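**Student:** sequence plus predicted model, see below.
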Amino acid sequence: MLVSAKDMLNKARDGHYGVGQFNINNLEWTKAVLQTAEELKAPVILGVSEGAGKYMCGYTTIVGMVKGMINELGITVPVALHLDHGTFEGAKKCINAGFSSIMFDGSHYPIEENLKLTTALVNTCDILGISLEAEVGAIGGEEDGVIAAGECADPAECKMIADLGVTMLAAGIGNIHGKYPDNWQGLSFSTLEAIKAAVGDMPLVLHGGTGIPADQVKKAISLGVAKINVNTECQIAFTAKVREYIEAGKDLTGKGFDPRKVLAPGVEAIKDTVREKMDMFGCIGKA
Ligand code: 13P
């Protein structure tokens, strides 16, 4: 079922586990994530960046694909289809296309502008039953060409955005998109504690889930994180396995060139990564 992320995140917060957002890139990705969530009876969030949205031929195509798969694959676990790091225009398009969850990322605006634009989306999302994620304090690393240094959010600004009535809040705590550099200092738990104290019950979102050690992820969940985003790790796993297949020359024997065969090891690698993350987040069996 395509649902808002609200209930699944409130349950995760109360049950002290995290729900995974796995970014999708194509049909194989979407199928792999949905099938693994169903296998493990875990709620799941499919993340779509604006770049991936364009690649997959627009938001209405994605809504059609995801709804069709939920139906054809007999997916029974709650699934949220979520815009990741959306612009204001992107958020409007996804609302119209039938997404069940939206992230409006106004973190690069001055806080007054971020508050104004987030406010404009709160009522619409509320009326339509769409969950809304806001962001304060840029997440480090590169996302669709936007680069920021690993920043920590200001708890007072977090409270201002949380008080608008958003569903969930992404706040920088030293996390970075993509691979973590060797000299990464780790997550700032003092910042996370201060944010949690400021925003109360609001489920918090941890971006940059790729490569954060399990003990840090678990500690972040214990301090109020209810949603963890993973993108790069699935991409690395997928590409490594497809490379192995081709380098072993398997595409050169029999019908090994069939794209369904070429991509199959990559799909299995995505599934393994999703299983590992869901186990780490504690969401298995929580659907
Ligand atoms: P990673 O690519 O580092 O896993 O981050 C994903 C993310 O935060 C998407 O918003």
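**Tutor:** Cool, the structure landed. Numbers count the residues shown, from 1 in each chain.
**Student:** drop to CA atoms for contacts and neighbour counts, all remaining ones
**Tutor:** Noted.
**Student:** so residue 224 versus residue 191, what's the distance?
**Tutor:** 12 Å (C-alpha to C-alpha, to the nearest Å).
**Student:** I'd like the distance between residue 219 and residue 136.
**Tutor:** 21 Å.
**Student:** the more surrounded of those two?
**Tutor:** The residue with more neighbours, out of residue 219 and residue 136 and counting by other C-alpha atoms under 10 Å, is residue 136; that gives 29 against 13.
**Student:** which residues does the more buried one form a beta bridge with?
**Tutor:** The bridge-partner assignment for residue 136, based on DSSP bridges, gives residue 171.
**Student:** change the start of the numbering to 43 and stick with it
**Tutor:** All right, first residue 43 from here; so that's residue 178.
**Student:** surely it touches residue 200?
**Tutor:** Yes: taking contact to mean C-alpha atoms under 8 Å, the distance of 6.2 Å between residue 178 and residue 200 places them in contact.
**Student:** all the helices of this protein, residue numbers only.
**Tutor:** Assignment of helices within the chain using DSSP state H yields the ranges 48-57, 69-81, 92-97, 101-114, 130-139, 153-170, 197-204, 231-241, 256-264, 274-289, 301-323.
**Student:** who's in contact with residue 60?
**Tutor:** If you count contacts by C-alpha atoms under 8 Å, 6 or more residues apart in numbering, residue 60 has them with 51, 54, 263, 267-270, 323-325.
**Student:** just to revisit the earlier point, need the residues touching each of residue 178 and residue 200.
**Tutor:** Shared contacts of residue 178 and residue 200, defined by C-alpha under 8 Å, 6+ apart, comprise 211, 213.
**Student:** using TSV, lay out the contacts of residue 60 together with distance to the ligand, pLDDT and neighbour count.
**Tutor:** Compiled in TSV, the contacts of residue 60 are given as follows (distance: C-alpha to the nearest ligand atom, whole Å; pLDDT from 0 to 100; neighbours: other C-alpha atoms under 10 Å):
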residue	distance to the ligand	pLDDT	neighbour count
51	16	98	25
54	18	98	24
263	15	98	25
267	13	98	28
268	14	98	29
269	10	98	29
270	8	98	25
323	14	98	22
324	17	98	19
325	17	98	23
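**Student:** which residue of the protein lies farthest from its centroid?
**Tutor:** Most distant residue from the mean C-alpha position of the chain: residue 296, 38.6 Å away (C-alpha atoms, centre = their mean).
**Student:** before we move on, the earlier item: out of residue 266 and residue 233, which sits in the busier spot?
**Tutor:** Between residue 266 and residue 233, residue 266 has the larger neighbour count (other C-alpha under 10 Å), namely 26 against 18.
**Student:** what's around the closest residue to residue 324 other than its chain neighbours, how many residues?
**Tutor:** The spatially closest residue to residue 324, leaving aside those adjacent along the chain, is residue 59, at 5.1 Å (C-alpha to C-alpha, 6 or more residues apart in numbering). Applying the criterion other C-alpha under 10 Å, we find 25 residues in the vicinity of residue 59.
**Student:** residues contacting residue 195?
**Tutor:** If you count contacts by C-alpha under 8 Å, 6+ apart, residue 195 has them with 178-180, 213-215, 233.
**Student:** how close does it get to residue 75?
**Tutor:** Counting by C-alpha to C-alpha, the separation of residue 195 from residue 75 is 30 Å.
**Student:** residue 198 too?
**Tutor:** Taking C-alpha to C-alpha as the criterion, residue 198 is separated from residue 75 by 36 Å.
**Student:** who's more crowded, these two?
**Tutor:** More neighbours sit around residue 75 than around the other of residue 198 and residue 75, counting by other C-alpha under 10 Å; the figures are 26 against 13.
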